[in-house]
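> Predicted model, plus sequence, below.
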Amino acid sequence: MTKVQDKNAKGWRSRTRQVHSGSARSGFGETSEAIYLTSGFCYENAEQAAARFAGEDDGYIYSRFSNPTVQMFQDRIAALEEAEDACATASGMAAVAASMLCQLTSGDHVVGARALFGSCRYILDEILPRFGIEVSLVDGTDLDQWQNAVRPNTVCAFLETPTNPMLEMIDIAAVSNICHSVSARLIIDNVFATPILQKPLELGADIVVYSATKHIDGQGRCLGGAVLGDTAFCEEILRPYLRHTGPSMSPFNAWVLLKGLETLDLRVHQHCLNAQDIVGYLYTLDGITNVIYPSTHRDADSEFLKQQMHGGGSVITFHIDGDQERAFRFLNGLNLVKISNNLGDAKSLITHPLTTTHQRLGIDECDRLGIKENTMRLSVGLEDPEDIKEDIVMALKSA
Ligand SMILES: Cc1ncc(COP(=O)(O)O)c(C=O)c1O
């Protein structure tokens with residue numbers, strides 16, 4: 001297997017990196033990356049096996065540690081994000097959990113933004129406290145709350161921006177300065193923005209996590225995740241945790257996600273164009289209120305947002321006039337747009353966060369976050385937007 005060492009690789013622009021970076025060809029010289037569906041690797045002799053385990057011989061040992069197809073995915077996503085290193089995981093939640101658990105010990109303190117995807121909140125609310133880790137939740141948009149929450153024993157902070165599902169925007173550079181004042185690492189869940197629209201490491205964050213299940217695959221085929229950061233963190237802290245706990249990405253999924261990365265830029269920009277078009281249309285419709293999208297956000301003109309996120313993304317949140325029953329009638333009246341809690345897919349998908357992705361938080365906490373009985377989260381796909389509009393109008397009529 002040879003790593004493709006193009007002499008211009010260091011100067012490649014982002015769109016070239018997402019197509020070529022990380023490629024490592026076998027002796028057959030294949031154009032598309034090979035899938036190495038193997039759990040283990042054979043050694044030429046016992047000495048070589050011993051040397052590999054001692055870290056004195058480069059080469060693969062076991063696919064729970066690393067695998068050539070998974071390595072190509074890691075190298076490609078690291079190149080796209082301009083990160084020193086990346087570790088692939090079996091799912092986005094495996095990435096989120098590993099990014100925190102690998103560095104925490106009992107007695108440590110973590111600060112989290114309150115507005116998070118339900119499973120991420122579960123880690124902060126339920127799992128970390130079980131191990132004697134104290135967690136403070138803050139309103140992520142309020143920098144004073146971050147400032148007051150950090151302490152000398154704060155080891156890391158976790159936030160997503162834009163948030164799921166209310167699309168709140170949090171100032172990554174400002175929060176990373178606050179975290180660094182106590183030597184804490186800032187972890188960003190960059191799922192909604194994607195590496196195409198927002199690069200948290202450039203803004204000062206220390207670690208980025210992805211659910212590759214979303215836009216990186218973008219076609220609803222497989223689960224995957226990634227944690228990106230500097231070499232010291234990935235090599236010394238994260239990789240030992242992953243090796244010994246085993247949330248590894250399968251080589252087949254790595255191959256699907258490599259192919260996803262090749263078209264990520266094109267797809268994300270088309271998602272943004274479609275979403276922008278639908279946002280404008282939703283404003284004109286009776287029966288739909290409170291349309292939320294990053295470019296229509298109250299802070300959209302602020303300096304931090306202009307520098308932080310370069311496009312609105314694929315998700316729109318809005319309210320249906322009426323109660324939950326009417327919201328459900330609207331959902332059930334859709335035909336083209338599918339009811340599904342996934343997002344970032346070529347197919348338009350819609351969900352009712354209060355009763356699905358955020359159900360576990362309960363009505364009161366959802367209310368505090370702005371998630372109501374009539375809140376809808378629409379992930380705009382790659383269909384012709386006119387068909388999506390017609391579907392929405394038809395469902396509104398039937399509701
Ligand atoms: C913001 C966010 N983070 C993490 C995840 C978890 O990703 P996965 O489903 O790949 O485990 C999701 C999934 O919906 C998400 O929306």
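Alright, I've got the coordinates.
> Now do the strands in this structure.
2-3, 24-25, 85-89, 109-113, 134-138, 154-160, 185-189, 207-211, 225-229, 288-292, 315-320, 338-339, 349-351, 375-379 (DSSP state E).
> Could I get these in JSON lines, plus columns for distance to the ligand?
C-beta: built from backbone N, CA, C; applies to glycine. JSON lines is the format used below for the strands of the chain (distance: least, Cβ to the nearest ligand atom, whole Å):
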{"stretch": "strand 2-3", "distance to the ligand": "28"}
{"stretch": "strand 24-25", "distance to the ligand": "25"}
{"stretch": "strand 85-89", "distance to the ligand": "9"}
{"stretch": "strand 109-113", "distance to the ligand": "11"}
{"stretch": "strand 134-138", "distance to the ligand": "16"}
{"stretch": "strand 154-160", "distance to the ligand": "5"}
{"stretch": "strand 185-189", "distance to the ligand": "5"}
{"stretch": "strand 207-211", "distance to the ligand": "3"}
{"stretch": "strand 225-229", "distance to the ligand": "6"}
{"stretch": "strand 288-292", "distance to the ligand": "16"}
{"stretch": "strand 315-320", "distance to the ligand": "9"}
{"stretch": "strand 338-339", "distance to the ligand": "15"}
{"stretch": "strand 349-351", "distance to the ligand": "10"}
{"stretch": "strand 375-379", "distance to the ligand": "10"}
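> For those strands, give me TSV that also has mean pLDDT and mean neighbour count.
Putting those into TSV (pLDDT from 0 to 100; neighbours: other Cβ atoms under 10 Å) gives the following:
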stretch	mean pLDDT	mean neighbour count
strand 2-3	56	12
strand 24-25	94	16
strand 85-89	98	25
strand 109-113	98	25
strand 134-138	98	19
strand 154-160	98	24
strand 185-189	98	26
strand 207-211	98	28
strand 225-229	98	28
strand 288-292	94	17
strand 315-320	97	22
strand 338-339	98	15
strand 349-351	98	22
strand 375-379	98	24
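> Once you drop chain neighbours, what's closest to the residue of the chain found nearest the ligand?
Using Cβ to the nearest ligand atom, the closest approach of the chain to the ligand is made by Gly92 at 2.3 Å. Excluding the flanking residues, the one nearest Gly92 by Cβ to Cβ, 6 or more residues apart in numbering is Ser211, at 2.3 Å.
> returning to that earlier point: for Leu266, find the nearest of the strands of the chain.
When the strands of the chain are compared by Cβ to Cβ, strand 375-379 sits nearest Leu266, at 17.2 Å.
> now the angle between strand 315-320 and that closest one, please.
Angle of strand 375-379 versus strand 315-320, following axes from the mean of the first three to the mean of the last three Cα atoms, to 10 degrees, is 150 degrees.
> So which elements touch strand 375-379?
Judged by 3 or more Cβ pairs under 8 Å, 6 or more residues apart in numbering; DSSP states H and E, strand 375-379 is in contact with strand 315-320, helix 324-333, strand 349-351.
> low-confidence ranges in the stretch 251-399 of the chain?
298-301 (pLDDT under 70).
> What residues does the stretch 1-150 of the chain have near the ligand?
Counting by Cβ under 6 Å from any ligand atom, the residues of the stretch 1-150 of the chain close to the ligand are 91-93, 96, 117, 119-120.
> Try it again at 5 Å.
Proximity of the stretch 1-150 of the chain to the ligand (Cβ under 5 Å from any ligand atom) is limited to residues 91-93, 117.
> would JSON lines of those with neighbour count and pLDDT be doable?
Below are those laid out as JSON lines (neighbours: other Cβ atoms under 10 Å; pLDDT from 0 to 100):
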{"residue": "Ser91", "neighbour count": "19", "pLDDT": "98"}
{"residue": "Gly92", "neighbour count": "24", "pLDDT": "98"}
{"residue": "Met93", "neighbour count": "20", "pLDDT": "98"}
{"residue": "Phe117", "neighbour count": "21", "pLDDT": "93"}
